[in-house]
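Peer 1: just to be clear, the model below is a prediction. Sequence and coordinates:
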Number of protein chains: 2
Amino acid sequence: MKYIKQSFEQLTIAYQLIRWTVIIIPVALITGTLVALFLWLLDLVTVWRWEQGWLLYLLPLAGIIIYLLYRELGKNTEGGNNLIMDEIHQPGGGVPARMAPLVLGTTIITHLFGGSAGREGTAVQIGGSMANMLGRWMKLSPADTRILLMTGIAAGFGAVFGTPVAGTVFALEVLAIGTIRYDALVPCLIAAVFADIVCSAWGIHHTHYQILFKDKDLLNFTLLTKVILAGVGFGLAGFLFSICMHTIKKQAKQWIKPAWLIPVTGGVMIIIGCWLLGTRDYIGLGVTSLSPGSVSIVNAFKQGAISDWSWLWKLLFTAVTLGMGFKGGEVTPLFFIGATLGHTLAVLLGAPVDLFAGLGFIAVFAGATNTPLACTLMGAELFGTTHVLYFAVACFTAYYFSGHAGIYSAQRIAVSKKY
Amino acid sequence: MKYIKQSFEQLTIAYQLIRWTVIIIPVALITGTLVALFLWLLDLVTVWRWEQGWLLYLLPLAGIIIYLLYRELGKNTEGGNNLIMDEIHQPGGGVPARMAPLVLGTTIITHLFGGSAGREGTAVQIGGSMANMLGRWMKLSPADTRILLMTGIAAGFGAVFGTPVAGTVFALEVLAIGTIRYDALVPCLIAAVFADIVCSAWGIHHTHYQILFKDKDLLNFTLLTKVILAGVGFGLAGFLFSICMHTIKKQAKQWIKPAWLIPVTGGVMIIIGCWLLGTRDYIGLGVTSLSPGSVSIVNAFKQGAISDWSWLWKLLFTAVTLGMGFKGGEVTPLFFIGATLGHTLAVLLGAPVDLFAGLGFIAVFAGATNTPLACTLMGAELFGTTHVLYFAVACFTAYYFSGHAGIYSAQRIAVSKKY
């Protein structure tokens, strides 16, 4: 009898699956499309900025515009990713639909005028706010809306990087440090896969990274030790990024008044930074670059080009950009910081540059956001699995050594890293 | 000040890491060595059984010997994996050290005389009992012993299949349905990696499986639909395996008395099954086979050889073997069931046979043990990542459709699959 009763569970589960697929398709469709639009615009403004060097000098002005846009139209959307995470933890006022166009527009402005920022925050906010809007239209219960918000995160993340599996696990893993709950596992996967398909269908291509290094042995003890040491470094870099960003944000709010002066100061600091370093390699997205000898994520996988402190400069430029009112994600800069730090550590430790750039790429992100499993899977999705063990070792070590700070203040601590 | 205090966390965390590495090294050393011994013996007796066909007829007698060994020497070790999981959930009397030699010996006996069983249960019990013994010697606190037990699971699993990342996540994921807690993440990874290194250092090689299929498109919608359909099938197969095993165990206990008659009956049923089907392909481990045309896991990745109901026969043979008192793991038979079912479904759906054999290999296991993330990572470790998305889709779908039964009765339900 017990087993007969249990086998009816499968029918309930099948019904759930179909119901959620129907609910999720519009979320994935809208999110995938908006992310495709976003990535297309991002490419466009990045090329513009390369061609029109003077745009950088308008960055302080762009900061004022972003400030005004959020003050006049923003309502509570300033909270960004944290607002979405708070809504998932504790449903409240919902995530306003205006978040999507606002964050999309202001991120594009940030990139056009040379702020150092990323994409994932924007994509996640697009996904989250669209999910919330559709949930309201479909009159879903608070419990269902909560799951729908998580699928929005998965859809945004999966589409923006072309990594649906990592997007799924990220949406589940990012909410709390030290634990994953599987309640939204399958809905998130559906959303991430569909959104990725939609985004690709619009003709968006993702950058390919290549780790050519192949080890003779399946497991090389010396290399493993180097990966652990690098993992500690990646974790500390993630930690440093979090505290820099939080500190800059807090201090700016306290000392710079009126508030519109904050982004102006930030913009001026970026301009001065470029002038002091004599390069513009650290502004913008940083995935590729105009000249082949520049510092960029793609070049971090090759010999040369990267200087010893590239990672630190990118860290500071990004902390200033995002801590002082500009918009965009943290993740692509974290990739940049990680890949260049990995490059530097590889040279220092006598390890393969491409492998360590790849490890840093995922591990600094794993440390700063406390999502080691998502990042291990991302490594597998982006770089292939020959090195999946090293991916896990680097990400888990970095997770362990990044402390409890993290870039998302709405992330809760479920299981401490100290025991 | 907050950040200065936080940066001292990293020192605590570094100390923890070093402390755990020191504690774990002996666990990994002993577990890796015993698993190597176990795998070496397993190969030996499998070849013996192939050569000496009459050994099968002694299976009922072997059943009595196993029964007597556990009655006289077993204490509470009969509980096997469930005992270890119970100890982790709720520390009690501990896991006796005798579990390791007992389960090792009786698994070898089971395989020598032709029971259909696996390896993982044995390896996990070796790891768990050795971890408990060393924890007692080192006078660890109950909280530390709990973590050490988890590292024992990770070490056993990682070493026996040569998949340390999957072993790590399995140890964290198997304890409760629907959730992962990261408290033992890094200790488990250290244990799994070291145990795998030790096991390989003893000259143990793991079988290589190859998925040669490569898709032109990055994401093929038709193929994705087929993978989802197959995933439902894999989940139901995992569910069927769980209920068959539980039912056989329960009914045998109720109807067959005295207790030593249970394994005798089981042994006789296996012999009759072989005679009825006219093949011995479904007994033993089933990874490889003597003749190239036999049904085996390796052959499931190739055209031909597999019949439509191979998966069901292996399911029944294994449920009888393990449900009626023989020893060994469930996982290799689950690989067999999955790979052959995948093969059959591929032919049915017009999909690539090697890919679907690989998907079944990991997904039936994911469904029956409720460990979708570990199995996705296992796919990446065993088959390479060109297809990591399909691995995730198959495992998550199978997880979803296997209900709440599962092969481990000590597994708790933390988050229901119905919501």
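Peer 2: Everything's here; your move.

Peer 1: can you pull the contacts of A:L185?
Peer 2: The contact partners of A:L185, by C-beta atoms under 8 Å, 6 or more residues apart in numbering or on different chains, come to A:T168, A:L172, B:P372, B:F396, B:Y399, B:Y400. From N, CA and C alone the C-beta is placed, and that goes for glycine too.

Peer 1: which pair of those residues spans the longest distance?
Peer 2: Within these, A:L172 and B:Y400 form the most distant pair, 14.1 Å apart (C-beta to C-beta).

Peer 1: looking at the contacts of A:L185, which is nearest B:I413?
Peer 2: Closest to B:I413, out of all of these and judged by C-beta to C-beta, is B:Y399, at 13.0 Å.

Peer 1: let me see the contact set for that closest one.
Peer 2: The contact partners of B:Y399, by C-beta under 8 Å, 6+ apart, come to A:Y182, A:L185, B:G235, B:A366, B:G367, B:N370, B:T371, B:P372, B:K417.

Peer 1: related to what we said a few turns ago, sort out for me which of the contacts of A:L185 are in strands.
Peer 2: Among the contacts of A:L185, none falls in strands (DSSP state E).

Peer 1: of these, which is the most crowded?
Peer 2: Highest neighbour count within the contacts of A:L185: A:T168, with 33 neighbours (other C-beta atoms under 10 Å in any protein chain shown).

Peer 1: which other helices and strands does the helix or strand harbouring A:A14 contact?
Peer 2: Assigned by DSSP states H and E, A:A14 falls within helix A:2-51. Under the contact definition 3 or more C-beta pairs under 8 Å, 6 or more residues apart in numbering or on different chains; DSSP states H and E, helix A:2-51 sits against helix A:99-112, helix A:120-137, helix A:142-161, helix A:185-201, helix B:221-255, helix B:388-401.

Peer 1: I'd like those helices as a markdown table, with distance to B:G92 and mean pLDDT appended.
Peer 2: Below are the helices and strands packed on helix A:2-51 laid out as a markdown table (distance: least, C-beta to C-beta, whole Å; pLDDT from 0 to 100):
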| stretch | distance to B:G92 | mean pLDDT |
| --- | --- | --- |
| helix A:99-112 | 51 | 95 |
| helix A:120-137 | 44 | 94 |
| helix A:142-161 | 36 | 94 |
| helix A:185-201 | 32 | 93 |
| helix B:221-255 | 23 | 94 |
| helix B:388-401 | 29 | 93 |
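
Peer 1: quick check: end-to-end length of stretch A:69-88?
Peer 2: Distance across stretch A:69-88, first residue to last, is 26 Å (C-alpha to C-alpha, to the nearest Å).

Peer 1: relative to A:V295, how far out is the nearest residue to A:T110 once chain neighbours are set aside?
Peer 2: Leaving aside its sequence neighbours, A:T110 sits nearest to A:F326 (C-beta to C-beta, 6 or more residues apart in numbering or on different chains; 4.3 Å). As judged by C-beta to C-beta, to the nearest Å, A:F326 and A:V295 stand 20 Å apart.

Peer 1: over to A:T340?
Peer 2: As judged by C-beta to C-beta, A:T340 and A:V295 stand 7 Å apart.

Peer 1: so which of the contacts of B:Y399 comes closest to A:L37?
Peer 2: Distance to A:L37 across the contacts of B:Y399 (C-beta to C-beta) is lowest for A:L185, with 28.4 Å.

Peer 1: how many neighbours does the residue in chain A that chain B sits nearest to have?
Peer 2: For chain A, the residue closest to chain B is A:T385, as judged by C-beta to the nearest C-beta, at 3.5 Å. Using other C-beta under 10 Å as the criterion, A:T385 is surrounded by 24 other residues.

Peer 1: what of A:T21?
Peer 2: Other residues within reach of A:T21 by the criterion other C-beta under 10 Å amount to 16.

Peer 1: surely it meets A:I190?
Peer 2: Yes. If you go by C-beta atoms under 8 Å, A:T21 and A:I190 touch, sitting 5.7 Å apart.

Peer 1: around chain B, which positions in the stretch 101-250 of chain A sit nearby?
Peer 2: For the stretch 101-250 of chain A, the residues in contact with chain B (C-beta under 8 Å from any C-beta of the partner chain) are A:143, A:147, A:162, A:164-165, A:168-169, A:177-183, A:185-186, A:189, A:193, A:196-197, A:200, A:218-219, A:221, A:224, A:232, A:235-236, A:239, A:243, A:246-247.

Peer 1: wait, isn't A:Y209 in contact with A:L382?
Peer 2: Yes. Counting by C-beta under 8 Å, A:Y209 does reach A:L382; the two are 5.8 Å apart.

Peer 1: neighbour count winner among these two?
Peer 2: More neighbours surround A:L382 than the other of A:Y209 and A:L382, with 23 against 19 (other C-beta under 10 Å).

Peer 1: intersection of neighbour lists for A:T340 and A:V295?
Peer 2: A:I306, A:S310, A:K314.

Peer 1: surely the last one touches A:A237?
Peer 2: Spelled out, it's A:K314. No. Look at A:K314 against A:A237 with C-beta under 8 Å: they stay out of range, at 10.2 Å.

Peer 1: next, show the common contact partners of these two.
Peer 2: Counting by C-beta under 8 Å, 6+ apart, the contacts common to A:K314 and A:A237 are A:I337.

Peer 1: I'd like the average pLDDT over the host helix or strand of A:F361.
Peer 2: Take DSSP H and E as the rule and A:F361 turns out to sit in helix A:353-369. Regarding helix A:353-369, the rounded mean pLDDT is 96.

Peer 1: keeping just the C-alphas, turn it into CSV.
Peer 2: Provided in CSV are the C-alpha atoms of helix A:353-369 (Å, rounded to 0.1, in the frame of the first residue of the first chain):
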residue,chain,number,x,y,z
VAL,A,353,49.3,30.2,-17.1
ASP,A,354,46.1,29.2,-18.9
LEU,A,355,45.0,26.7,-16.3
PHE,A,356,45.6,29.2,-13.4
ALA,A,357,43.9,32.0,-15.3
GLY,A,358,40.9,29.7,-15.6
LEU,A,359,41.0,28.8,-11.9
GLY,A,360,41.2,32.4,-10.8
PHE,A,361,38.4,33.3,-13.2
ILE,A,362,36.0,31.0,-11.3
ALA,A,363,37.5,30.9,-7.8
VAL,A,364,37.7,34.6,-7.0
PHE,A,365,34.0,34.8,-7.9
ALA,A,366,33.3,31.7,-5.8
GLY,A,367,35.0,33.4,-2.8
ALA,A,368,33.3,36.8,-3.2
THR,A,369,29.8,35.4,-3.6
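
Peer 1: what does stretch A:232-244 rub up against?
Peer 2: Stretch A:232-244 is contacted by residues A:311, A:315-316, A:318-319, A:323, A:330, A:334, A:337-338, A:341-342, A:345, A:359-360, A:363-369, A:394, A:397-403, A:405-407, B:3, B:6-7, B:10, B:14 when judged by C-beta under 8 Å, 6+ apart.

Peer 1: buried set for that stretch?
Peer 2: For stretch A:232-244, burial by neighbour count (16 or more other C-beta atoms under 10 Å in any protein chain shown) applies to A:232-244.

Peer 1: try stretch A:260-278
Peer 2: Those would be A:260-271, A:273-274, for stretch A:260-278 by 16+ other C-beta under 10 Å.
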